[in-house]
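[1] Here is my input, please return the structure:
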Amino acid sequence: SHLRLIAPPRVAMAEGVHDLTTVDRLDESALLKILGERYGTDTCYTYIGPILVAINPLKDLPIYGEAQATKYRKAASRSELPPHVYRIAHEAFTEMVDERMNQSVVVSGESGAGKTETTKHIIRLVSWASTAAIAAAANAAGVAAPASGSSVGAALEAKLLATNPILEALGNCRTTRNDNSSRFGKFVRLSCAGSGAITGCSVDTYLLEKSRVVSPSAGERNFHVYYQLLASGALSPELMTPGTEPSAYAYLKASGVYTIKGVDDKVHGERTTSALKAVGLGDEDVQLVLELLGATLLLGNVAFGESPAAAGSDHGDGSGAMVKDAAARAALAAAAKALGCDEAELEEGMTTKRLRAGAEWITKRHSVDEAVSARDALA
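    This is a model prediction of the structure:
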């Protein structure tokens, strides 16, 4: 006898629900229904008050670029245009300039949600806004705006954007859920002048999944940079003696996955090399970076076997690990060359350990398992 009607949430016109705080009654089912319907119309952004919900469309949408960013920077309010990451970035940038206060944008989500791409869009918006700020300041001063790419700020912006392919190559990989999954966290700090012009930037990385280098999971890839290195042929065949096929390297062969659909590792490798130069590395420095990466792959091919006990050996009981065969020996020699160290010293570092017995030091050979662990730790 005490029944009352409850109006259903306004979800019939989900396309028009740009902000979920405007819905009469919002529970989990209503939220999912609205987001699902918007996603079905390629509307991947929705506001919840100051929060932007972004659902990875898993395809390219024609809603990005400098022209689109300009629209959001010039819009008087949020309601003028559909929800977008550009608007969030613009509001943070404007608040920083107008209020002279530091601003933070937190990008969070599970693997494959689109955090890496979202961060890139934010950086691009700030870069474009900074360029506009430099031009506006020049106009206000009655001087000609600097030519595109000629100012100090523009150079910093170019370096900042160039860090993206470097970080992705060295820290991203294909997983079972995401073809470009970041295996690390990062904190990007942009410093700006009062006008909004970028004056400096830094990127702090943390929690890099280093174990992936030596033991990638089945069905996944190692870090992108290794496949780019082999596909681009950046290192000489004399150094990369096993060849250019990923399957020839133990650290890459372990997962059984070598390619990503629609991705040309050679092109991305060239892009990574160009980015390294854009951030200030010379040709020799870039080559050293590539050789160190190549050395990592070569170390994985250094296999070990049991050495026979040798009476009178200075390695304790004389038994233990030794380089297994000719192929492993060739990989060891190539790795030593890439690292710029002595082959014998490199071998000794992986197959022996020094122990103190009273006032004396003795050298003892590792077991095979210990040698493998030492090799993997070095890689």
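
[2] Using the three-state scheme, assign Gly196.
    coil (DSSP: H, G, I helix; E, B strand; the rest coil).

[3] Give me the pLDDT value at the residue nearest to His18 when sequence neighbours are not counted.
    Spatial nearest neighbour of His18, chain neighbours left out: Pro83 (5.3 Å); criterion: CB to CB, 6 or more residues apart in numbering. Yep, even glycine has a C-beta here, placed from its N, CA and C like the rest. Confidence at Pro83, expressed as pLDDT, is 97.

[4] Next one: Pro83 from Gly16, what distance?
    12 Å (CB to CB, to the nearest Å).

[5] neighbour count winner among those two?
    Pro83 (21 against 10; other CB atoms under 10 Å).

[6] SS state for that one?
    coil.

[7] So it is in contact with Pro50, correct?
    No. Checked against CB atoms under 8 Å, the pair Pro83 and Pro50 is beyond contact range at 11.7 Å.

[8] How many residues are close by Thr199?
    Neighbour count for Thr199, taken as other CB under 10 Å: 14.

[9] Please, which helix or strand holds it?
    strand 198-206 (DSSP states H and E).

[10] Name the residues that touch that strand?
    By CB atoms under 8 Å, 6 or more residues apart in numbering, the residues outside strand 198-206 that reach it are 126-127, 130, 152-153, 156-157, 159-160, 163, 167, 171, 184-193.

[11] If we use 10 Å, what do you get?
    Strand 198-206 is contacted by residues 123, 126-127, 129-131, 133-134, 151-157, 159-161, 163-164, 166-167, 170-171, 182, 184-193 when judged by CB atoms under 10 Å, 6 or more residues apart in numbering.

[12] That one: which residues count as buried?
    Ile198, Cys201 (16 or more other CB atoms under 10 Å).

[13] Relative to it, what are the paired strands and their orientations?
    As defined by DSSP bridges, the strand partners of strand 198-206 come to strand 185-192 (antiparallel).

[14] mean confidence score for the strand it pairs with?
    Throughout strand 185-192, pLDDT has a mean value of 91.

[15] What residues of it count as buried?
    Quick answer for strand 185-192 (16+ other CB under 10 Å): Lys186, Val188, Leu190, Cys192.
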